[in-house]
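> Generate a structure from the sequence data that follows.
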Amino acid sequence: MSEQESSTNEGNLRKLAIREAHRDGAFAGLTSGLTGALVGSRLMGLNRNKTIFCGVLTGLLAGYFFTQAFEASNTSRINSSSFRVAG
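Next up is the predicted model:
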């Protein structure tokens, strides 16, 4: 395999890893937001507007941080597998 094919393949793997991280982060953010809204409404007794704000803020922050973590995990997995193949 030539070096150009190898770099193209690695670029495609990175794009796939980022796309999967975004998908998983969005799912984690959605479920965290729903859970945060439920906790805010039922357990903390917040009114409607505060519950919505709590759910949205929780979902956005959780989605962002989970996306960053999944992206780092996926890219490190790609780097370690490409290191094994090259080495």
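
> List the contacts of the most centrally placed residue in the chain.
Compute the mean C-alpha point of the chain, and by Cα atoms, centre = their mean the closest residue is T67, 2.1 Å away. Going by Cβ atoms under 8 Å, 6 or more residues apart in numbering, T67 touches 21-22, 24-26, 28-29. Every C-beta, even on glycine, is put in place using the N, C-alpha and C of the backbone.

> Tell me where this structure is predicted with low confidence.
The chain contains residues with pLDDT under 70 at 1-7, 82-87.

> Looking at this structure, which helix is longest?
helix 48-86 (DSSP state H).

> Identify each buried residue in that helix, please.
Neighbour-count burial for helix 48-86, counted by 16 or more other Cβ atoms under 10 Å, picks out 51, 54-55, 58-59, 62-63, 66-67, 70-71, 74.

> any idea how far L57 lies from K15?
Using Cβ to Cβ, to the nearest Å, we find L57 at a distance of 30 Å from K15.

> Check L46 too.
Per Cβ to Cβ, L46 is found 40 Å from K15.

> Neighbour count: these two, which is higher?
The residue with more neighbours, out of L46 and K15, is L46; 17 against 10, by other Cβ atoms under 10 Å.
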